[in-house]
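Chemist: Give me coordinates for this.
(one chain, ligands or ions: 1)
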Amino acid sequence: MRVLVTGGAGYIGSVTARLLLRRGHEVEILDDFSAGHRQALPPGAPLHVGDLADPAVLDRAFRRPFDAVVHFAARSLVGESMQQPLPYWRVNVGGTVALLGRVALGGARRCVLSSSAAVYGEPAAVPIPESAPLAPVNPYGRTKVAMEGVLADAAVAHGLGAVALRYFNAAGAADGLGEDHEPESHLIPRLLRSLLDPAVEFRLLGDDYPTPDGTCVRDYVHVQDLAEAHALALEWAERPGFTAINLGNARGHSVREVVAAAAEVAGRPITPVIAPRRPGDPAQLVASNALARELLGWTPGRSDIRVILADAWAWHSAHPRGYAG
Ligand SMILES: NC(=O)c1ccc[n+]([C@@H]2O[C@H](COP(=O)([O-])OP(=O)(O)OC[C@H]3O[C@@H](n4cnc5c(N)ncnc54)[C@H](O)[C@@H]3O)[C@@H](O)[C@H]2O)c1
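Modeler: Numbers count the residues shown, from 1 in each chain. This is a model prediction of the structure:
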């Protein structure tokens with residue numbers, strides 16, 4: 001298939017782009033480098049530089065139609081979205097509307113969208129099935145619900161095969177590609193950075209949640225497993241219609257458990273500094289992944305927390321300043 005990957009210079013997009021190329025797809029990337037890295041681009045893939053919502057950028061990218069679009073490009077910092085919600089609506093929702101406008105004109109027949117566990121907000125129970133109420137507790141999550149809504153409407157009206165993949169916590173490294181966000185809000189890279197640089201303290205954000213050890217419980221899924229799910233979803237999305245599918249390991253780990261496992265993998269002690277809760281963080285997010293297994297035949301084969309940490313530690317040790325060195 002000829003596939004446009006938006007956000008292909010970012011963390012999950014770059015790993016997925018390589019995997020799609022390995023599977024024989026023809027891949028082009030669209031990215032504005034607001035959070036992506038040139039070093040993460042797959043060699044040889046045509047690149048369209050610019051904002052997804054810019055009609056001139058889309059004109060250039062869609063000069064030849066694609067068979068499919070995999071749409072990663074978004075803003076995704078929960079805290080920032082609470083302070084500055086409007087850019088989140090502009091990029092995440094406005095960008096998706098602009099992109100789907102081209103898709104609707106015959107630009108592609110299939111679309112796979114990066115959604116998020118943030119659509120569920122504070123779930124009533126875990127593991128969370130896709131049928132759980134969508135009740136996001138921050139603007140980021142609300143834009144993801146809106147992006148899914150726009151895609152679902154476009155799928156019906158324009159006969160697209162559309163899949164929203166609701167990732168839980170992406171983590172790990174693959175193919176020499178790792179997680180390098182600035183600022184970094186994700187637990188595992190923050191933890192590993194603190195191990196590599198004694199000047200960086202590791203702040204554990206809240207130890208008074210209603211969980212067994214008081215720290216947040218999350219479902220970590222290896223970035224390689226996420227990439228494989230995208231390839232499977234593209235193949236699966238042959239028939240028109242919209243489907244939302246969770247991608248998680250169906251296993252929760254508390255922050256304290258991840259800290260202990262990281263100290264063991266790295267062979268170094270970690271002394272967290274206990275800090276207040278971060279607004280907008282639900283206590284527990286653990287996926288049911290039954291639908292992904294059933295529909296896509298997906299298995300999260302690398303998502304054991306020790307495998308994730310070992311892969312991430314190897315990447316961060318080799319890139320202590322991220323892609324900068
Ligand atoms: N990382 C996670 O744990 C996680 C969890 C759930 C959902 N997601 C979603 O997955 C997607 C990818 O996440 P990631 O961690 O790889 O993010 P990332 O920030 O590493 O990658 C996003 C990429 O999109 C590009 N981009 C952003 N705005 C753009 C615009 N207006 N035009 C063109 N390009 C633009 C950035 O430059 C970057 O390369 C996002 O949609 C995110 O919301 C991520």
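
Chemist: Sketch out the helices for the stretch 51-200 of the chain, chain order is fine.
Modeler: For the stretch 51-200 of the chain, the helices defined by DSSP state H, counting those that start in this stretch cover 55-61, 78-83, 85-88, 95-102, 139-158, 187-196.

Chemist: Out of those, which is closest to the ligand?
Modeler: Checking the helices of the stretch 51-200 of the chain against the ligand by CB to the nearest ligand atom gives helix 95-102 as the closest, at 5.1 Å. Quick note: C-beta positions are derived from backbone N, CA and C, even for glycine.

Chemist: Return the residues of the stretch 201-325 of the chain in contact with the ligand.
Modeler: Applying the criterion CB under 6 Å from any ligand atom, no portion of the stretch 201-325 of the chain neighbours the ligand.

Chemist: quick one: buried residues of the helix or strand of the chain with the lowest mean pLDDT?
Modeler: Sorting the helices and strands of the chain by mean pLDDT, DSSP states H and E puts helix 78-83 at the bottom, at a mean of 91. Neighbour counts over helix 78-83 (16 or more other CB atoms under 10 Å) mark V78, E80, S81, M82 as buried.

Chemist: Check stretch 235-255 too.
Modeler: Of the residues in stretch 235-255, those buried (16+ other CB under 10 Å) are 236-237, 242-255.

Chemist: Endpoints of it, how far apart?
Modeler: 35 Å (CA to CA, to the nearest Å).

Chemist: Next: stretch 78-97.
Modeler: End-to-end distance of stretch 78-97 (CA to CA): 21 Å.

Chemist: Other residues contacting it?
Modeler: Stretch 78-97 has contacts (CB atoms under 8 Å, 6 or more residues apart in numbering) with 6, 51-53, 71, 73-75, 113, 118, 138-141, 143-144, 146-147, 150-151, 185, 278-281.

Chemist: try it again with 6 Å
Modeler: L52, A53, A74, R75, N138, P139, Y140, T143, A146, M147, V150, G280 (CB atoms under 6 Å, 6 or more residues apart in numbering).

Chemist: got a winner among the residues you listed for most neighbours?
Modeler: Counting neighbours by other CB atoms under 10 Å, the top entry in those is T143, with 29 neighbours.

Chemist: thinking again about what came up before, and the helices of the stretch 51-200 of the chain as JSON lines, adding distance to the ligand?
Modeler: Formatted as JSON lines, these follow (distance: least, CB to the nearest ligand atom, whole Å):
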{"stretch": "helix 55-61", "distance to the ligand": "8"}
{"stretch": "helix 78-83", "distance to the ligand": "10"}
{"stretch": "helix 85-88", "distance to the ligand": "9"}
{"stretch": "helix 95-102", "distance to the ligand": "5"}
{"stretch": "helix 139-158", "distance to the ligand": "7"}
{"stretch": "helix 187-196", "distance to the ligand": "10"}
